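Colleague: From the sequence below, what's the structure:
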Amino acid sequence: MTDDPNGPEALPAGGLLARGQGVALWRQIAQRLERDIASGVHAPGGRLPTEAELAGQYNVNRHTVRRAMEELEGRGLVRIEQGRGSFVAEDVVDYSLGPRTRFSEIIRRQNREPGGRILRVSEMAAETGLAEQLGIRRGRPVIVVERLSLADGRPLVLGTHHFPATRFGRLPDLLRADPSITAALTACGVPDYRRRVTRITARLPTPEEAELLQQSRNRPVLVTEAVNIDPAGEVVDVSTGRYAAGRAQLVVES
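Modeller: Numbers count the residues shown, from 1 in each chain. Okay, the predicted model is just below:
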């Protein structure tokens, strides 16, 4: 089969595209996909049919389909991931980084449902850099908490938190009962804490990070390194967050 992406093509009876009407075939395909996305046929984050499937559906070649997908990607309606396929773009969460950063509050302010689960809790000896950040001696025990936070059921951020074990020895038991780190800190006598500093970088995810965040390895993650302190100025935790860049943009507030 041959086709000209900017001109008419032969189409069996009952075909979906209008040939010879002055509208390029790729544009008609893009318009139909956009309509299906807007009407909810393809949900945010959902995988779209493959190029081969769409080419068969519309009786065109894959070049025509690819041109339509490139148009939708350029308009921010679709994201194309090498080796995984094409997906409906999701609404991006504005994730505010300010003196008081609370995941659940940020997500609820945008009319979304927060969620999360603790992946693992372990203990380690503080190496020099971490010990300095936490304000403890090198080699002292540190509780490490890894948590996956969700917005509307979709993974948004993978966090690794480091707490001085001497002060927060109850954390493992508390987190087994409730995955909220804020609630656990309150139970440990820290009802409020504030962000002292946040550093932001970007990199490609590890295989485990990509799997947990449900994204491809060739899409970057936004990485934050933060230090949180209590009202007295004592360090509560040192954390690293990896955000799915396709679902979150970090907004720095003063």
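
Colleague: R35 - how many residues pack around it?
Modeller: Using other C-beta atoms under 10 Å, R35 is surrounded by 10 other residues. Heads up, the C-betas are built off the backbone N, CA and C, glycines and all.

Colleague: buried sites along the helix or strand containing it?
Modeller: Using DSSP states H and E, R35 sits in helix 25-39. For helix 25-39, the neighbour count (16 or more other C-beta atoms under 10 Å) marks 25-26, 28-30, 32-34, 37 as buried.

Colleague: Could you count how many residues lie near Q214?
Modeller: Q214, neighbours per other C-beta under 10 Å, totals 11.

Colleague: re the thing from before, following the helix holding R35, which helix or strand shows up next?
Modeller: Following helix 25-39 in sequence order, the next helix or strand is helix 51-58 (DSSP H and E).

Colleague: Now do that next one against helix 25-39, angle only.
Modeller: Helix 51-58 runs at 100 degrees relative to helix 25-39, counting by axes from the mean of the first three to the mean of the last three C-alpha atoms, to 10 degrees.

Colleague: got the domain boundaries for this structure?
Modeller: 25-88, 93-252 (automatic domain parsing).

Colleague: hmm, back to that, and the helix holding R35, what other elements does it pack with?
Modeller: helix 51-58, helix 62-74 (3 or more C-beta pairs under 8 Å, 6 or more residues apart in numbering; DSSP states H and E).

Colleague: So for the first one, what gets flagged as buried?
Modeller: Judged by neighbour count (16+ other C-beta under 10 Å), helix 51-58 contains these buried residues: 51, 54-55, 58.

Colleague: so can I have JSON lines of these showing pLDDT and distance to T101?
Modeller: Output for the buried residues of helix 51-58, formatted as JSON lines (pLDDT from 0 to 100; distance: C-beta to C-beta, whole Å):
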{"residue": "E51", "pLDDT": "92", "distance to T101": "41"}
{"residue": "L54", "pLDDT": "93", "distance to T101": "42"}
{"residue": "A55", "pLDDT": "92", "distance to T101": "46"}
{"residue": "Y58", "pLDDT": "90", "distance to T101": "47"}
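
Colleague: List the contacts of F168.
Modeller: Going by C-beta atoms under 8 Å, 6 or more residues apart in numbering, F168 touches 143, 185, 188.
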